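# Show me the folded form of this:
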Amino acid sequence: MISVLAQERLLGATLGCAFTGTIVFEQRRRIYESVSYYQSQAASQSQMKEPIFGKKSRSEFALQWNKTVDQIFVPVIEAISSRRW
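Now for the predicted structure:
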């Protein structure tokens, strides 16, 4: 038979584990709720913002950017290629 002292320790350990599990569960639940709340807030705010550039302006900017990069780096690439690196 289990002694009274062992039963008390077992009961204390069981109650401690249950209490700790409850606390951990509640903390995780609150964290997940706050994360989903802030994600929904960020999503609703991003939908309300108007883009700085329209789609046409962005594509024109991208085209200009690519042309500029090509103009800068083509001579460098050609110089490296002529040396057969």
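
# which residues in the protein form helices?
Applying DSSP state H to the chain gives helices spanning 4-48, 55-82.

# what does the average pLDDT come to for the longest one?
So that's helix 4-48. Taken as a whole, helix 4-48 carries a mean pLDDT of 87.

# any chance of the helices of the chain in a markdown table, with mean neighbour count too?
(Each C-beta comes from the backbone N, C-alpha and C, glycine too.) A markdown table is the format used below for the helices of the chain (neighbours: other Cβ atoms under 10 Å):
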| stretch | mean neighbour count |
| --- | --- |
| helix 4-48 | 10 |
| helix 55-82 | 10 |
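
# Can you give the distance from stretch 30-38 to the centre of its chain?
13 Å (Cα atoms, centre = their mean, to the nearest Å).

# Actually, stretch 67-83.
37 Å.

# and it, what's its mean pLDDT?
Here the average pLDDT along stretch 67-83 is 85.

# pull the CA atoms of that stretch into CSV?
Provided in CSV are the C-alpha atoms of stretch 67-83 (Å, rounded to 0.1, in the frame of the first residue of the first chain):
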residue,chain,number,x,y,z
LYS,A,67,17.4,49.6,-68.6
THR,A,68,19.6,51.5,-66.2
VAL,A,69,21.1,48.4,-64.6
ASP,A,70,21.7,47.0,-68.1
GLN,A,71,23.5,50.2,-69.2
ILE,A,72,25.7,50.1,-66.1
PHE,A,73,26.6,46.4,-66.0
VAL,A,74,26.8,45.4,-69.6
PRO,A,75,30.3,47.0,-70.0
VAL,A,76,31.4,45.3,-66.9
ILE,A,77,30.2,41.9,-68.1
GLU,A,78,31.7,42.4,-71.5
ALA,A,79,35.1,43.3,-69.9
ILE,A,80,35.0,40.2,-67.7
SER,A,81,33.9,38.1,-70.6
SER,A,82,36.8,39.4,-72.8
ARG,A,83,39.3,38.2,-70.2
